[in-house]
Every structure is written in structure tokens, then in C-alpha cells.
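K.L.:
I'd like to go over a predicted model; first the sequence, then the structure.
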Protein chains: 2
Amino acid sequence: MTKQTRGEDTRARILISAEQGFAQTGYDSTGVAEICKAAGVSKGAFYHHFTSKEEVFLELLDRWLTSLDRQLADVAASDGSLQEVLDGLLKIAPQILQEAGGQYAILLEFWTKARSDPKVWQSTVAYFQRYREFFVGLLANTPGGDSLALVEREAAAEVLVAMIIGLLLWGALDPKAADWSCVTRTGLELFTRGWQEKGEQR
Amino acid sequence: MTKQTRGEDTRARILISAEQGFAQTGYDSTGVAEICKAAGVSKGAFYHHFTSKEEVFLELLDRWLTSLDRQLADVAASDGSLQEVLDGLLKIAPQILQEAGGQYAILLEFWTKARSDPKVWQSTVAYFQRYREFFVGLLANTPGGDSLALVEREAAAEVLVAMIIGLLLWGALDPKAADWSCVTRTGLELFTRGWQEKGEQR
DNA sequence: GATAAAATACCGACTGGTCGGTATTTATTG
DNA sequence: CAATAAATACCGACCAGTCGGTATTTTATC
């Protein structure tokens, strides 16, 4: 193995172990030593690749956001109706949720740390807003949707994002409480119906 | 001041300071010393009234749940239609959300700690379920609602709870991002419309 | 109602251990 | 032999919780 690939491998192993640790027991209670042990790597190697534990966390956050954006871009590119796009979302939802064997519990960690770390806060809030904007644009293209005021589209988009956030949180906390993909489907369906009904009343 | 009232006062001050600390910077980064300083109390007093930092946290959780239950019971007692009960909910929402000057950010702390602490997890998951049940029952009393299968009522109730959770989380994270009471109203409205529409199609 | 005894409330220095991070040394690659 | 990667020993800060002791209030006894 060349020097470079060896380094990359070590780095990757650290990231994986850190993600698992953060997802399972949280950022604070996952020690650097623990991460190193799980990755089969020494502390020296850890601090050779990263300047701090926080840097690892931020890189994980960055990767998650990038991955999410890519998947959303795919859906958005379809350029379809509200129904179609939401269907597209539903299709990729399990992929996002189940990826890495339920490790998406790290989302909770992102949201928690957003309160104490300005960088994390900014990233987190920014992508909430980004999806809000996405849905606002989407709702404008809906039959009847353009008849409604911007504030109403905005509020509806916020509701949609909030619903997704809530589903993620509850799902992360209690994966076996319900069939979450089924609940998500119902949610998007109810939302679509409610929105169209609202538009038609004008 | 009698001995008893003095003790109660100290205890109350500790709880208040702890709540503020937890809400502002999180459970882990709020030290016992810090809580004591904010409460104007010594560490000895702290450990005289509580056996551990965790006990304080659990008591705060318990108080929050009790308060929430009381308020929900009031709304449930009205025994009205879906629309009426949701309106009732909406009325008390700001009271719950704004209480103690936005200190409800401690909710995030409850949800975070639920992952590492079995006691907190149980309480948290249990009240998610309780509200789910509440809404399931409520939806059965809705015109057209009884025509839908139980699973559908359950899924819808889960959607509703998830939406509320999401609104609370986003609101806690970014209070100024939107007019949350307005968004909540829209959310409940969309949900009601979507649900009734669904029922009528049968 | 005075005095002793007991219980409660409180204080703050100290400790034992954890954990992020560093400094130094050793191994591996080119 | 240079340079990068990795290992190990170690440091210092921090923090939950302890403990011996003091002050204040309540109860018991005469």
C-alpha cells in the first residue's frame, strides 16, 4: 500500500468510527481514545489527520450536507409537479434514513451541537432554510398554488420541512415505534391534499 | 423566613438556574459549579437537595411533562371536534412555547439525552406515544374519520405529532426564522383539510 | 420559658478520575 | 537520507461528587 492510500485509509477509518460513536452515544461522551480504538489507530494518527475532535465532527456534518444536497438536486432536476417531486422524495427517503444502518441518529447530534457551536448552527439553520426555499418554489408551480400569497406558500413550506424534521427526530429516537416510511408517505399525502384543497377554495 | 421555606427557596433557585443553563448551553457543558453560582448557592447546598446533577435534570423533565399533561387535559376535556380541539391546542401553544422567555430550548436537551439515558428515553418516547394515542382517538371522532382504517388514523396521528415535534425543534433552534405561531396555525389547518378530504373520498 | 439535644441547611476546600491535546520517538515509504 | 505516517508517554485543565465542619432552626426536657 502506498503512503498516500494508507493515509487516506486511516483518515476514512477515523471518520467512520467517529460517526458511529457520535451517533450511538453522542459527541461529548465519545472520547478521542475511544474513536481511535474503534478505528484501530493511535492517538498520534488521529491528531496527524485532524487538528481537533471538533474538526472531525464538522467534516462529518459537511459530508452529510453535501450528500443530502446531491440527492435533493436529483429530485429537483425532475422538474415535475408537487406530487411528482414529493413522490421522488419519498423514494430516496429510505435511502437517506437507512444509510449506514441507522447511523442517521447523528442528525440529533448535529442539531444539539448547533446550539452551542456557531459554525454548526449556521450550517444547520442554513440548510433548513434551503429546503424551505426549495419547497416554496415547488409550491408556486402547483396547480392553484400560484393563487395563494407568498406568505402562505412560505408557511406551508415551513410546515413541510418541520414535518420532515419531526419524522427524522422521532424516527432516530424510536426506530421501532412505527413504520416510518409508511408514516412519511401519509404525511406527504395529507400535506398535498390539504394544500390543493386550500388552493381550490380561492 | 422559616427553615422549611428557606430550603424550598434554595431548591427552587437551583432548579431555575439549572434549567436556564441546560437550555442555553446544554446539559454537559453546564457545570454544577456554574449552576450554583447562578443560583447564589454553594455546592454543599446543591448536594444537600439533590443527589446528583442528573437528578436535577430528571426533575426538570418531570415538571415539564406534568405541566404539558395538565394543559393537554384541559384541551381534551372540551370534548369537541377535531377542528375545535386543534384550535384549543393552538391557543395554548404560544403559552407553552414562550413560557419562561424561550427557555423551552431545554426540550432539545431532553431529546438529546433520551438517547444516552434510558430513564429520559422512556419518558420521552412515552409521551410521544401518549400524544399519538390522544390524536388517534380524536381523529376517530371526526366526521368521516371513522370510515378510515385504524392504521390510517395512527399514521395520521404520527404525522401530526411529528409536525409538532419538528416545529418545536426548529423553533428552538432558530426562533426568529419565522412567525412560529402563524406557521403552526397553517400546519394544523393543512392537516385538518388533508384529513377531511381523505375521509370524504371513501 | 430556659436549656440542652437533635435535626436540618449550608459552606467551600479537596479529590479522583476523565479527556482533549501535545511532545517525543519510532517506523515506513520514496 | 529525507519526509510523511503512526505510536506512546505524558500534561494540564476541568468537573462531578465528597467530606469535615459551621450556622440556624426545631424539638424535648425540666
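P.N.:
The structure has been received and is ready for your questions.
K.L.:
can you pull the pLDDT of A:Q201?
P.N.:
On pLDDT, A:Q201 comes in at 66.
K.L.:
Helix or strand with the lowest mean pLDDT in chain A?
P.N.:
Ranking every helix and strand in chain A by mean pLDDT, DSSP states H and E puts helix A:82-102 at the bottom, with a mean of 73.
K.L.:
ok, then the element right after it?
P.N.:
helix A:106-113 (DSSP states H and E).
K.L.:
Next, see if the helix or strand following that next one gets close to chain B.
P.N.:
Under the assignment DSSP H and E, the closest C-terminal helix or strand after helix A:106-113 is helix A:118-140. Yes: residues of helix A:118-140 are located near chain B by CB under 8 Å from any CB of the partner chain, namely A:121, A:124-125, A:128-129. For the C-beta atoms, the positions are set from N, CA and C on the backbone; glycine is no exception.
K.L.:
Mind giving me the PyMOL command for buried ones among these?
P.N.:
The buried residues among those can be selected in PyMOL (16 or more other CB atoms under 10 Å in any protein chain shown) with this line:
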select buried, chain A and resi 121+124+128
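K.L.:
any weak-confidence spans in chain A?
P.N.:
Scanning chain A for pLDDT under 70 picks out the ranges A:1, A:3, A:79, A:96-102, A:143-146, A:201-202.
K.L.:
According to the record, where do the domains of it fall?
P.N.:
Using automatic domain parsing, the domain parsing of chain A gives A:1-50, A:54-200.
K.L.:
Briefly note if the shortest one comes near DNA strand C.
P.N.:
Yes: under the criterion of CB under 7 Å from any atom of the strand, DNA strand C is reached by domain A:1-50 at A:1-4, A:6, A:29-33, A:43-44, A:47.
K.L.:
Pull the distance from that domain to the chain's centre.
P.N.:
Offset of domain A:1-50 from its chain centre (CA atoms, centre = their mean, to the nearest Å): 22 Å.
K.L.:
pretty sure A:L160 contacts A:F191?
P.N.:
Yes: applying CB atoms under 8 Å, one finds A:L160 in contact with A:F191, separated by 5.9 Å.
K.L.:
by contact count, what packs against the helix or strand harbouring A:K198?
P.N.:
Per DSSP H and E, A:K198 falls inside helix A:180-200. Contacts defined by 3 or more CB pairs under 8 Å, 6 or more residues apart in numbering or on different chains; DSSP states H and E place helix A:180-200 against helix A:82-102, helix A:150-173, helix B:150-173, helix B:180-200.
K.L.:
mind giving me JSON lines with these and columns for mean neighbour count and distance to DNA strand C?
P.N.:
Shown next, in JSON lines, are those (neighbours: other CB atoms under 10 Å in any protein chain shown; distance: least, CB to the nearest atom of the strand, whole Å):
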{"stretch": "helix A:82-102", "mean neighbour count": "15", "distance to DNA strand C": "22"}
{"stretch": "helix A:150-173", "mean neighbour count": "22", "distance to DNA strand C": "22"}
{"stretch": "helix B:150-173", "mean neighbour count": "22", "distance to DNA strand C": "24"}
{"stretch": "helix B:180-200", "mean neighbour count": "20", "distance to DNA strand C": "35"}
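K.L.:
Same list (those helices) but as TSV, adding distance to B:T51.
P.N.:
Rendered in TSV, the data for those read as follows (distance: least, CB to CB, whole Å):
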stretch	distance to B:T51
helix A:82-102	34
helix A:150-173	27
helix B:150-173	29
helix B:180-200	37
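K.L.:
Dump these into TSV; add distance to DNA strand D as well.
P.N.:
TSV is the format used below for these (distance: least, CB to the nearest atom of the strand, whole Å):
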stretch	distance to DNA strand D
helix A:82-102	23
helix A:150-173	24
helix B:150-173	22
helix B:180-200	31
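K.L.:
From A:A38, how far off is the residue lying closest to A:L86 once chain neighbours are set aside?
P.N.:
Distances taken as CB to CB, 6 or more residues apart in numbering or on different chains place A:L188 nearest to A:L86, at 4.6 Å, with adjacent residues excluded. Separation of A:L188 from A:A38 (CB to CB, to the nearest Å): 37 Å.
K.L.:
okay but A:M163 is in contact with A:T192, surely?
P.N.:
No: with contact defined as CB under 8 Å, A:M163 does not count as touching A:T192 (11.9 Å).
K.L.:
Can you tell me what sits against the helix holding A:K198?
P.N.:
A:82-83, A:86, A:89-90, A:93-94, A:97, A:139, A:142-145, A:147-148, A:152, A:156, A:159-160, A:163-164, A:167, A:170-171, B:152, B:155-156, B:158-159, B:162-163, B:189-195, B:197-198 (CB atoms under 8 Å, 6 or more residues apart in numbering or on different chains).
K.L.:
And the residues of helix A:118-140 next to chain B, which is closest to chain B?
P.N.:
Proximity of these to chain B (CB to the nearest CB) peaks at A:V125, which lies at 4.9 Å.
K.L.:
What is the burial count for the closest residue to the closest one other than its chain neighbours?
P.N.:
Closest residue to A:V125 apart from its sequence neighbours, by CB to CB, 6+ apart: B:D174 at 4.9 Å. For B:D174, the neighbour count with other CB atoms under 10 Å in any protein chain shown is 17.
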